[in-house]
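In: this one's sequence-less:
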């Protein structure tokens, strides 16, 4: 019983730390902030993780630019299956749903970037 309550509260709080950034009839886009540690190379960076939820029973193509710039290197484009949810992680993924926020080392000057996406476009695929 205690273990199930602990699991419930952990799951509840983990899901609620996502902030809704964009919502329309087709998708919801959330973000949260987490630290990624690399023990091999001894570095620690904080990233904004992006989570995108397909609210429809249709296949969608989602496009946007990470940050304020509209450079091709910051462009993300991928397919979301019906009702699929994708979220960024610390691990490498070709669809990189994370944005650098700050370096987490004692020697760094902590410059924090704000979360922003631009030119969000969602297209239904038949």
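Out: Nice, thanks for sending it over. Owing to the predicted nature of the structure, the values given are computational and were not obtained by experimental measurement.

In: what sits against the most centrally placed residue in the chain?
Out: Most central in the chain under Cα atoms, centre = their mean is residue 50, positioned 1.2 Å from the mean C-alpha point. Neighbour list for residue 50: 29, 30, 31, 66, 87, 88, 97, 98, 99, 117 [criterion: Cβ atoms under 8 Å, 6 or more residues apart in numbering]. C-beta here means a position set from N, CA and C on the backbone, and glycine is covered the same way.

In: give the buried residues for stretch 71-84.
Out: Across stretch 71-84, burial judged by 16 or more other Cβ atoms under 10 Å covers 74, 76, 80.

In: before we move on, what about stretch 38-56?
Out: Neighbour-count burial for stretch 38-56, counted by 16+ other Cβ under 10 Å, picks out 45, 46, 47, 48, 49, 50, 51, 52, 53, 54, 55.

In: what is the nearest of these to residue 21?
Out: If you rank these by distance to residue 21 using Cβ to Cβ, residue 50 comes first, at 8.1 Å.

In: for the strand or helix carrying residue 49, which strands pair with it and how are they oriented?
Out: According to DSSP states H and E, residue 49 maps onto strand 43-54. Paired strands of strand 43-54, with direction, are strand 27-38 (antiparallel), strand 85-87 (antiparallel), strand 98-103 (antiparallel) (DSSP bridges).

In: please identify the most buried of those.
Out: Comparing the strands paired with strand 43-54 by mean neighbour count (mean count of other Cβ atoms under 10 Å), strand 98-103 comes out on top with a mean of 18.
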